[in-house]
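Peer 1: The sequence and its predicted three-dimensional model are supplied below.
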Amino acid sequence: MKNAHFGNEIIVAEDGEEALDFLYKRGKFADYSDGTPVFILLDIKLPLMNGIEVLKVIRSDPAFTHIPVIMLTSSRDTLDLKECYDNGANSFVVKPVNINDFMLVVKELGQYWVVINEIPS
């Protein structure tokens with residue numbers, strides 16, 4: 001995404017708890033002062049707290065209602081797909097195995113959610 005030149009800062013969380021620390025500005029992100037994310041990419045298989053659990057927390061907080069959440073995962077499980085949408089995911093994208101295809105998908109997702117899509121302010 002950095003190579004796609006969106007002009008937005010890219011923050012990478014190593015696990016589900018760190019993702020929530022970023023959103024709630026705690027832990028190593030306590031001094032982070034920039035606004036809320038334009039969109040969130042979540043993998044289902046995150047360590048410590050999986051992506052569906054993170055999604056549930058995000059969607060239970062009115063502060064994050066309008067942030068698009070895209071599940072970017074290797075899972076093709078229809079139960080995962082249903083659970084993600086039932087809990088407020090905006091999109092469910094299966095990661096391609098090939099790294100070049102994966103990078104293209106991430107770039108296209110970023111272009112859609114940052115450039116094309118309109119969200120309420």
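Peer 2: Perfect, I can see it now.
Peer 1: How about residue 36, nearest residue that isn't a chain neighbour?
Peer 2: Distances taken as Cβ to Cβ, 6 or more residues apart in numbering put residue 67 closest to residue 36, at 6.1 Å, once the chain neighbours are dropped. Any C-beta I mention is one placed from the backbone N, CA and C, and that applies to glycine too.
Peer 1: Run a quick neighbour tally on residue 109.
Peer 2: 19 (other Cβ atoms under 10 Å).
Peer 1: contacting residues for it?
Peer 2: Taking Cβ atoms under 8 Å, 6 or more residues apart in numbering, we find residue 109 in contact with 41, 70, 72, 91, 93.
Peer 1: most surrounded residue in these?
Peer 2: Highest count within the contacts of residue 109 by other Cβ under 10 Å belongs to residue 41, 23 neighbours.
Peer 1: can you tell me the helix or strand for it?
Peer 2: Here residue 41 sits within strand 40-42, counting by DSSP states H and E.
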